[in-house]
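Chemist: Pasting a predicted model and its sequence here:
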There are 2 protein chains.
Amino acid sequence: MRTVDLIYRKREGEELAPEEITYLVEGYTRGEIPDYQMSAFLMAVCWQGMTEREVSVLTECMLASGERVDLSSVPGIKVDKHSTGGVGDKTSLIAAPLAASAGAVVPMISGRALGHTGGTLDKLEAIPGMRTNLSIAEFGEQLQKLNLAFIGQTAEVAPADGRLYSLRDATATVESIPLIASSIMSKKLAVGLDAIVLDVKVGAGAFMKRQIDARRLAQMMAGIGRRMDKRVQALITDMNQPLGFAVGNALEIMEVSQTLQNAGPVDLTRLSLELAARMIHLGKITETLEEAREVAQSKLLDGSGYRKFKDVIAAQGGNPQVLDRFELLPNATGMREIYSPRAGYVSVIDAALIGQASVMIGAGRDTKDDSIDPAVGVILEVKVGQKVDAGGVLCRLYYTREDGVEEAAEHVEDAFRISAQPPEERELILEVVG
Amino acid sequence: MRTVDLIYRKREGEELAPEEITYLVEGYTRGEIPDYQMSAFLMAVCWQGMTEREVSVLTECMLASGERVDLSSVPGIKVDKHSTGGVGDKTSLIAAPLAASAGAVVPMISGRALGHTGGTLDKLEAIPGMRTNLSIAEFGEQLQKLNLAFIGQTAEVAPADGRLYSLRDATATVESIPLIASSIMSKKLAVGLDAIVLDVKVGAGAFMKRQIDARRLAQMMAGIGRRMDKRVQALITDMNQPLGFAVGNALEIMEVSQTLQNAGPVDLTRLSLELAARMIHLGKITETLEEAREVAQSKLLDGSGYRKFKDVIAAQGGNPQVLDRFELLPNATGMREIYSPRAGYVSVIDAALIGQASVMIGAGRDTKDDSIDPAVGVILEVKVGQKVDAGGVLCRLYYTREDGVEEAAEHVEDAFRISAQPPEERELILEVVG
């Protein structure tokens, strides 16, 4: 088997056999296939795609490249939730405590911010003392005790995916539905999960700009799950404007706290409840989805989710009081308001521009090695569809250093469009796959 | 400017600006852009193609990466001929002496065999003593004296092309019309040429299998020439069956000798005369192409081309007597005949299979570092359209070592198809571009 022949056949649109995909991934992981051949192969995959069989084998190979987290000693059906990445998307921190307080076991492996999208791990680490580098033993114990634990992806889990991801990042081969699908699923399936709820974002602030691509991604991930006997459901949800009002790590923790106390933004609350309900249902806590929705709602209203999140923070070394006393969280020192240039209706809040602006002031990272400022970010004062006066505040920028603030403010200004007519209402949850 | 953004824009089908192409080629040549980014870019080019502007800039950058051969001191219009590569294609060794004996100045930079196609340089080196590594000074002096000199591509000419070609070879990015066009033209234009006649091969034994691709390649090379004020004409010619009867280095030198004495195969003679005529016409030796055809014909008939080739061989250290006394050339020690399984008409002689078979016995190379056996090869006894008896000899394999002979014989057998009906006649010269 020659690598160059496999690249050639992929560029000609052929399906590779399982042993050929295995040869490529194992050879690359062992350092026998050089980066320059793998990057050409990855670009050929961007071009020609992959079949469901190919993408399943790719996922299995990446899984096999590393350690698996054995949670068989933890009783109960394990269900996780994953988002393909958005701006202001803190639903994991709301849905997971709700589902866990209803009885689902939620071993949550989370990622970090990259590009204009945020990462759950960075948000959690805005809480002073919070540890996300639990050992596998600690992770299992906490799951047994609290039904929920948060952990970062370790180097030992799917290392082939880690290497491939760095290469994709440097070679413009990130945007490929099979590559995204296998990357997500290999990380998630490294934990002994029984079910996954996926939130596939679509729109200006998401990797997938078109609903047809989001659907294909959702279908591909569901297919990978099916071939491995996992129950997978995907919601395709709108990511044109940021979710909720807050974008930025500590700012989002504050909004999570408000939302878990049923005082959060409508869109964030609605999506978090639906995700929690799907987790509860796939976790077989209820028989029907309708019942699961009622359970999720009651866990929000009676404060169970809120208390669960506090318990988890305390268990992982964080200070749970931050959820009541926001001054205990890192706070920004500077603030700048962005005003509406005219009266009208907010018709667009471009989530990508808002995300990029927050990266500029330090809330996210351009490259993996950038450090993050947990205090900074953006708080929207309006959402799409709202009426504003000329000179009314559209949003506030919170920052700690002057660098980049000017440019960030320009990006934020560009993100808003104010129109004479109210925009058409857009659905938040567009589709369910699986 | 970030390399990854340029790769991204190419994969999205955008045209890159001249300074962006320059940034990529210069950065790669200086070692600042790693192989893995360049190979992803090359695959994106295979996918999305290049505009005429992009490919012209790419060619100029590759030219600028190395030394140019300054032939301004040599008087006369300099015209070269290039083939995109075929099996049994020894036209350069016939057309160039004919054109040179008619007064055109022919500074011929030639390549080596790779894959199933032969290389002019390897054919010349089958002549004992023949030197192709002339210094630039020697090259110029010989051109002044004889109008013709043969030289290999030196490392100093278009080194960016050399590096890119190795990378393409390892990453299945060879088959790309803009990449092929710029590679050919950058090497050719590094010599101060005024005009080029291109022989773009199409068919089973050529890189281009379809005439539409051959036409696009021809048009792209003509476009590059036009932007650099060079006169370029391309013939698109059939390469389904080998050209002439001989395939293999010394065997082809023998056939060149016969053809320059007007005793060669019809197809080879016809194409060589037409190429010579185009060289004579572009070299402004005659006013019309018709006159140029008459001149080429007369130089064949009166033996001028034959004497010219002898003079050039002698000037480059070779023994010109080999053209009369074939026993002075390297000769194979073994011979195997391939017989027709039945009576009928020869309807197919697959040039790729014949080429591959001769590589197996040592006439060509699989990789750049393989060595060549000048003595070995294949001599066809029939051409497409001829009648054969059952058990009649189709061709002879000449070899010096037993290794690979069996497999080569099978390939050669597979190359022939014998049909009850005579095949439709196929044109040798299919189209003229430019």
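Modeler: Good, I have the coordinates.

Chemist: then the helix or strand hosting A:His281 to PDB, C-alphas only?
Modeler: For A:His281, the host element (DSSP states H and E) is helix A:266-282. Listed next in PDB are the C-alpha coordinates belonging to helix A:266-282 (Å, rounded to 0.1, in the frame of the first residue of the first chain):
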ATOM      1  CA  VAL A 266     -35.500  33.700  26.800                       C
ATOM      2  CA  ASP A 267     -33.500  32.100  23.900                       C
ATOM      3  CA  LEU A 268     -30.800  30.700  26.200                       C
ATOM      4  CA  THR A 269     -33.400  29.300  28.600                       C
ATOM      5  CA  ARG A 270     -35.500  27.700  25.900                       C
ATOM      6  CA  LEU A 271     -32.600  26.000  24.200                       C
ATOM      7  CA  SER A 272     -31.000  24.800  27.400                       C
ATOM      8  CA  LEU A 273     -34.300  23.300  28.600                       C
ATOM      9  CA  GLU A 274     -34.700  21.500  25.200                       C
ATOM     10  CA  LEU A 275     -31.200  20.100  25.300                       C
ATOM     11  CA  ALA A 276     -31.600  19.000  29.000                       C
ATOM     12  CA  ALA A 277     -34.900  17.300  28.100                       C
ATOM     13  CA  ARG A 278     -33.300  15.400  25.200                       C
ATOM     14  CA  MET A 279     -30.500  14.300  27.600                       C
ATOM     15  CA  ILE A 280     -33.000  13.200  30.200                       C
ATOM     16  CA  HIS A 281     -35.000  11.300  27.500                       C
ATOM     17  CA  LEU A 282     -31.900   9.600  25.900                       C
END
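
Chemist: List the buried residues in that helix.
Modeler: For helix A:266-282, the neighbour count (16 or more other CB atoms under 10 Å in any protein chain shown) marks A:267-269, A:271-282 as buried. Heads up, the C-betas are built off the backbone N, CA and C, glycines and all.

Chemist: Secondary structure class of the nearest residue to A:Phe416 once chain neighbours are set aside, three-state.
Modeler: Among residues not flanking A:Phe416 along the chain, A:Leu394 sits closest, at 5.3 Å (CB to CB, 6 or more residues apart in numbering or on different chains). State at A:Leu394, reduced to three classes by DSSP: H, G, I helix; E, B strand; the rest coil: strand.

Chemist: wait, A:Leu394 sits on A:Ala409?
Modeler: No: applying CB atoms under 8 Å, one finds A:Leu394 not in contact with A:Ala409, separated by 11.0 Å.

Chemist: what do the two both touch?
Modeler: A:Ile338 (CB atoms under 8 Å, 6 or more residues apart in numbering or on different chains).

Chemist: I'd like to know how many residues surround the closest residue in space to A:Glu67 that isn't next to it in sequence.
Modeler: With CB to CB, 6+ apart as the criterion, A:Glu67 has its nearest non-adjacent residue at 4.2 Å, and that residue is A:Glu156. Residues near A:Glu156, counting by other CB atoms under 10 Å in any protein chain shown, number 14.

Chemist: Tell me if I am right that A:Glu156 is in a strand.
Modeler: No: counting by three-state DSSP, A:Glu156 falls outside a strand, being coil.

Chemist: can you tell me how far it sits from chain B?
Modeler: According to CB to the nearest CB, to the nearest Å, A:Glu156 and chain B sit 24 Å apart.

Chemist: quick one: contacts for A:Val202?
Modeler: Here A:Val202 is in contact with A:Met208, A:Lys209, A:Arg210, A:Gln211, A:Asp213, A:Ala214, A:Ile236, A:Thr237, A:Asp238, A:Met239, A:Leu430 (CB under 8 Å, 6+ apart).

Chemist: give me the beta-bridge partners of it?
Modeler: Beta-bridge partners for A:Val202, by DSSP bridges, are A:Met208, A:Asp238.
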